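*Asks:* predicted model, plus sequence, below.
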Amino acid sequence: MIQPHVADIQTEGNVRSCNNDCLITKETEGNEENPFNFKPQVIHLHKDHGLFEDGDVQRHMYLKMAPPCLTPVLLYSVSDFACHISGCTATFKTLQEYEHHYNSLHRHVCCTCRRSLPTARLLDIHIQEWHDSLFAVLAQKQDMYQCLVEGCGLKFRTIKDRKDHLINIHKYPPDFRFDKVKKDKSKSVVICAPETSVSTAPDPSEPSRPRYSYR
């Protein structure tokens, strides 16, 4: 069995040695530089350096598998092609020109009056206001004329109110080509009525006159 005074001596020796080692370690850490502190330096490598070998191989394989590009001679030698819509005589040199023409004039067309609109929303508004009989009935009781700007959900009682809204709020130019006002069908029928539509039946109040025929 170890004597108490011997155990104390051994314990004190261990504590002292540990403290000394810890102090030495801390001093050493303070003197050494941080390994993560570095200064960037520019290193110039030759194009044939081994660091670029993998990239050169990948580039070679990509160019080998990529489709060949069209030469400028082939691009400019393409003949003009016409629009496939019946009655349209427009011709184009590139596909981009044809797509722009089709989206502007042939994509949103009214099947009733053949009018072309730039967007599907404007086409729906045109069909409702010009070719829907129920729209005319509802427009007499509530606001039905929608704003032409995408995202504006306001409706107006008349076309003039909508035009003023577009000019004042959405800054449309005053000379913008808005939809023309509809003509009154009843007046147009009276004005354009042919003379042959007048009845030629004899008035029953007048006495009938004898008719003679000569041969």
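*Replies:* Okay, I see it.

*Asks:* quick one: low-confidence ranges for the protein?
*Replies:* 1-33, 66-78, 178-215 (pLDDT under 70).

*Asks:* at which residues are the strands of it located?
*Replies:* Here the chain has its strands, by DSSP state E, at 81-82, 91-92, 145-146, 155-156.

*Asks:* what is the neighbour count of the residue nearest to Gly153 when sequence neighbours are not counted?
*Replies:* Leaving aside its chain neighbours, Gly153 sits nearest to Cys147 (7.3 Å; criterion: CB to CB, 6 or more residues apart in numbering). Yep, even glycine has a C-beta here, placed from its N, CA and C like the rest. Residues near Cys147, counting by other CB atoms under 10 Å, number 17.

*Asks:* can you give me the helices in the chain?
*Replies:* Using DSSP state H, the helices of the chain run over 4-31, 53-65, 72-76, 95-105, 120-131, 133-139, 159-168, 185-192.

*Asks:* what is the second one packed up against?
*Replies:* For helix 53-65, the packing partners by 3 or more CB pairs under 8 Å, 6 or more residues apart in numbering; DSSP states H and E come out as none at all, with no helix or strand in contact.

*Asks:* for that helix, C-alpha coordinates in PDB please.
*Replies:* Provided in PDB are the C-alpha atoms of helix 53-65 (Å, rounded to 0.1, in the frame of the first residue of the first chain):
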ATOM      1  CA  GLU A  53      -5.100  17.600 -69.900                       C
ATOM      2  CA  ASP A  54      -8.500  16.600 -68.700                       C
ATOM      3  CA  GLY A  55     -10.100  19.700 -70.100                       C
ATOM      4  CA  ASP A  56      -8.500  19.200 -73.500                       C
ATOM      5  CA  VAL A  57      -9.800  15.700 -73.700                       C
ATOM      6  CA  GLN A  58     -13.400  16.800 -72.700                       C
ATOM      7  CA  ARG A  59     -13.200  19.600 -75.300                       C
ATOM      8  CA  HIS A  60     -12.100  17.200 -78.000                       C
ATOM      9  CA  MET A  61     -14.900  14.800 -77.300                       C
ATOM     10  CA  TYR A  62     -17.500  17.600 -77.300                       C
ATOM     11  CA  LEU A  63     -16.400  19.000 -80.600                       C
ATOM     12  CA  LYS A  64     -16.400  15.500 -82.100                       C
ATOM     13  CA  MET A  65     -20.000  14.800 -81.000                       C
END
